[in-house]
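Let me see the structure of the following:
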Amino acid sequence: MDLFAWLLWTIIIVLVVSVILFVVNKLRPPKGMQDFSGKVVLITGASSGVGMALARKFAGMGSKLVLVARRGEVLETLKAELNRPDGDVLLVPTDIGDPTGLETVVKQAESKFGHLDVLINNAGIVDTEPLDNLTAERVLAIITTNLVAPINLTRLALPLLRKPKQAAIVNVSSTVGLTLVPRQATYGASKAGLNGFTDAMRRELHGTGISVSMVSPGLVNTPMLAGEKNREEVLQMLKDTGLGFPGVRLDEAHEVADQIIKAIKYQKREIILGGWMFGLLSLMGRHTPTALDAMYMQMFKADGLQDNVVGKE
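Numbers count the residues shown, from 1 in each chain. Purely as a prediction, here's the structure:
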């Protein structure tokens, strides 16, 4: 068999297997939680973006909520909007980068609800400066918020997650953690670390009734990316900076929240969002890193997108 024929058959086999796996995945019945009514859900970074969208989604399904964020006044406004019975929503204003704050979160959750059904490590911060522009304090803040805090909160929450027969942990990562980009080295390293932690915990907790999933958003129309811009302005910004091309999708926060809920329902190992391009870039990073280097050096010549990233939870 010559090389061309070998490549052709390889491509055909890969496509056939991919189609079979896709169909099986679509037909597979969900294994995780289906009814979230009365379930206790802890969400970090609940004062904006994806975290706020999650709070609204779970409140609409009748869940009991533990909402964690720095901005207590925003949490109070959100609680009023959710219109849930007062006993069903616990607000814990704290900086998750503070270990004592995490202990407070878990103690208050246990005192009020006695257990946890779902833990969603969503809070995060990002920076888009060259590494030598960052201070040591900022580097530590990024790593602490995005990696150390989820590890410690998971560690503290595990006894509460072990109480029900079935529970779930979802770590909200980023496509940047799968395929590292210029000017986000620290952020990307923190998310890559979170990915590794997720894989390890899924294997460690196998057979315990606790599922562990990772959801990696791409570009999401939240204050972290867009500041106060509307969707049309953000789409134009992406086009102007070379990222508005086929295969890259701008997701809304509620769409990411839906995928996180899907990860829980189907006990998904990993969900990559933002369009097929991010999945391709992840594969390129593993198999053709030199080509990916060249692509990124071209893509990130424009600084506009990076300059518009706000970098808050």
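
since we're on residue 177, how many residues are nearby?
Using other CB atoms under 10 Å, the number of residues around residue 177 comes to 25. Quick note: C-beta positions are derived from backbone N, CA and C, even for glycine.

Please apply the same query to the one 3 residues further on.
Neighbour count for residue 180, taken as other CB under 10 Å: 17.

Equivalent analysis for residue 145, please.
Look at residue 145: counted by other CB under 10 Å, it has 21 neighbours.

confidence score at it?
On pLDDT, residue 145 comes in at 96.

so it touches residue 124, yeah?
Yes - Residue 145 lies in contact with residue 124 (CB atoms under 8 Å); the separation is 6.2 Å.

neighbours around residue 125, how many?
By the criterion of other CB under 10 Å, residue 125 has 20 neighbours.

ok, for it, nearest residue in space, not its chain neighbours?
residue 145 (5.0 Å; CB to CB, 6 or more residues apart in numbering).

And residue 109, by the same measure?
Sequence neighbours aside, residue 66 is the residue nearest to residue 109 in space, at 4.8 Å (criterion: CB to CB, 6+ apart).

Export stretch 104-112 to CSV, keeping only CA atoms.
Taking Å, rounded to 0.1, in the frame of the first residue of the first chain, the C-alpha atoms of stretch 104-112 are listed here in CSV:
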residue,chain,number,x,y,z
THR,A,104,-16.1,30.4,55.9
VAL,A,105,-17.9,29.4,52.6
VAL,A,106,-17.9,25.7,53.4
LYS,A,107,-18.8,26.2,57.1
GLN,A,108,-21.8,28.4,56.3
ALA,A,109,-22.9,26.0,53.6
GLU,A,110,-22.8,23.1,56.0
SER,A,111,-24.6,25.1,58.7
LYS,A,112,-27.4,26.1,56.4
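
In that stretch, which residues are buried?
Going by neighbour count (16 or more other CB atoms under 10 Å), the buried part of stretch 104-112 is 105-106, 108-110.

At which residues are the helices of this protein located?
3-27, 49-60, 72-82, 99-113, 136-143, 149-161, 185-204, 223-226, 231-240, 253-266, 276-287, 289-299, 304-308 (DSSP state H).

For those helices, please prepare JSON lines with the additional fields distance to residue 171.
JSON lines is the format used below for these (distance: least, CB to CB, whole Å):
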{"stretch": "helix 3-27", "distance to residue 171": "21"}
{"stretch": "helix 49-60", "distance to residue 171": "12"}
{"stretch": "helix 72-82", "distance to residue 171": "22"}
{"stretch": "helix 99-113", "distance to residue 171": "15"}
{"stretch": "helix 136-143", "distance to residue 171": "15"}
{"stretch": "helix 149-161", "distance to residue 171": "6"}
{"stretch": "helix 185-204", "distance to residue 171": "5"}
{"stretch": "helix 223-226", "distance to residue 171": "17"}
{"stretch": "helix 231-240", "distance to residue 171": "25"}
{"stretch": "helix 253-266", "distance to residue 171": "10"}
{"stretch": "helix 276-287", "distance to residue 171": "17"}
{"stretch": "helix 289-299", "distance to residue 171": "24"}
{"stretch": "helix 304-308", "distance to residue 171": "24"}
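
In the stretch 201-313 of the chain, where is pLDDT below threshold?
Scanning the stretch 201-313 of the chain for pLDDT under 70 picks out 223-246, 299-313.

ok, now with 90
Across the stretch 201-313 of the chain, the ranges flagged by pLDDT under 90 are 218-252, 274-313.

ok, what's across the strand from the residue nearest to residue 58 when sequence neighbours are not counted?
Excluding the flanking residues, the one nearest residue 58 by CB to CB, 6+ apart is residue 41, at 4.9 Å. Residue 41 forms beta bridges with residue 65, residue 118, as assigned by DSSP bridges.

what residues are up against residue 41?
54, 58, 63-66, 116-118, 120 (CB atoms under 8 Å, 6 or more residues apart in numbering).

Show me which pair in those is furthest apart.
The most widely separated members of these, counting by CB to CB, are 54 and 116 (14.6 Å).
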